[in-house]
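Q: Below: sequence and its predicted model.
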Amino acid sequence: MVMEGLNYPTKDELSYYTTERNTGSKWTDGSTIYKKTVELGALPNATSKSVSHSISGIKTIVKIEGFATASGRSLPLPHVSTDISTCIQIDANRTAVTVNTVSHDRSSFTGYATIYYTKFVNPIIEVTTAGVAGSTDAVATITFNDYGTLTQIKATNTGGGSSVVSIYPGDNSTLSGNTLTVKTSKSAASYWRNFVATFTSADSVTTTLTFDPFTAGTYGGSN
């Protein structure tokens with residue numbers, strides 16, 4: 001009997017692939033959960049081994065599971081035993097899957113790991129400005145996740161000209177952590193208002209955000 005009104009997983013969502021797939025499920029923050037199966041190759045001999053998973057933009061790894069097989073025998077990954085020397089540890093970060101066979105030779109086994117994760121939507125989170133119009137130094141707090149890198153900030157003269165100057169990198173600003181101090185003369189503060197921050201993601205996607213450091217406000221939004 002089929003119950004109406006229920007969303008059943010599709011065959012594709014339940015299958016395993018070595019390419020990224022949308023699971024159709026959501027994490028606690030509402031983010032989409034993706035999954036990808038990574039071929040680990042031969043497990044190591046009483047040591048650890050890392051294999052790149054080639055996934056860009058991972059935000060949170062919510063689960064990792066797998067198995068290892070040899071001559072018709074299978075072991076779950078991670079493998080837990082009362083004898084710690086025979087345990088197999090497995091973990092993942094934003095670049096690789098690492099398997100550790102502790103002090104046991106598992107090189108006859110071939111391993112597979114499936115990672116479930118959420119992703120950053122884009123590299124920008126937000127820019128918050130203090131609004132110190134007319135001051136020599138205007139402070140803008142740049143908050144961005146590690147999916148992206150702040151590559152440049154440029155400002156356009158809005159007071160009767162179209163010239164553009166580089167704010168960052170350059171002598172006009174200092175970036176320390178996530179705090180950017182924008183420097184300009186008091187007389188120029190009313191003209192250099194159109195600031196454009198450019199962020200480049202780990203997989204070379206460029207995103208821009210326009211802001212005015214001399215007017216208090218928040219630009220962008222949570223990722």
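A: Here it is on my side, so go on. Numbers count the residues shown, from 1 in each chain.
Q: Just grab the bridge partners of residue 118 for me.
A: Residue 118 forms beta bridges with residue 60, as assigned by DSSP bridges.
Q: Look up how far residue 50 lies from it.
A: Noted for residue 118: a distance of 22 Å to residue 50, by CB to CB, to the nearest Å. Just so you know, the C-beta spots here come from the backbone N, C-alpha and C atoms, and that holds for glycine as well.
Q: neighbour-wise, which of those two wins?
A: More crowded of residue 118 and residue 50, by other CB atoms under 10 Å: residue 118, with 20 against 16.
Q: Now do the same contact list for the nearest residue to residue 31 once chain neighbours are set aside.
A: In this structure, residue 31 finds its nearest non-sequential neighbour in residue 118, 3.8 Å apart by CB to CB, 6 or more residues apart in numbering. Residues near residue 118 by CB atoms under 8 Å, 6 or more residues apart in numbering: 27, 29, 31, 32, 33, 34, 58, 59, 60, 62.
Q: so what's residue 103 closest to, chain neighbours aside?
A: Sequence neighbours aside, residue 85 is the residue nearest to residue 103 in space, at 4.5 Å (criterion: CB to CB, 6+ apart).
Q: Double-check that the one you found belongs to a strand.
A: No: Residue 85 sits outside any strand when classified using DSSP: H, G, I helix; E, B strand; the rest coil, being helix.
Q: low-confidence ranges in this structure?
A: By pLDDT under 70, the weakly predicted segments of the chain are 1-9, 11-13, 121-125, 131-136, 144-148, 159-162, 184-191, 201-205, 221-223.
Q: Please parse it into its domains.
A: For the chain, automatic domain parsing gives the domain ranges 11-119, 124-216.
Q: For the nearest residue to residue 44 once chain neighbours are set aside, give me its contacts.
A: Distances taken as CB to CB, 6+ apart place residue 101 nearest to residue 44, at 5.4 Å, with adjacent residues excluded. Applying CB under 8 Å, 6+ apart to residue 101 gives the contacts 43, 44, 45, 46, 47, 48, 88.
Q: For the last one, give its distance to residue 198.
A: It stands for residue 88. Distance of residue 88 to residue 198, computed by CB to CB: 44 Å.
Q: And those two? Which one has more around it.
A: Neighbour totals were compared for residue 88 and residue 198, and residue 88 leads with 23 against 18 (other CB under 10 Å).
Q: What distance do you get for that one to residue 103?
A: 11 Å.
Q: what do you get for residue 112?
A: Separation of residue 112 from residue 103 (CB to CB): 23 Å.
Q: out of the two, which sits in the busier spot?
A: Neighbours were counted for residue 112 and for residue 103 using other CB under 10 Å; residue 112 has more, 18 against 13.
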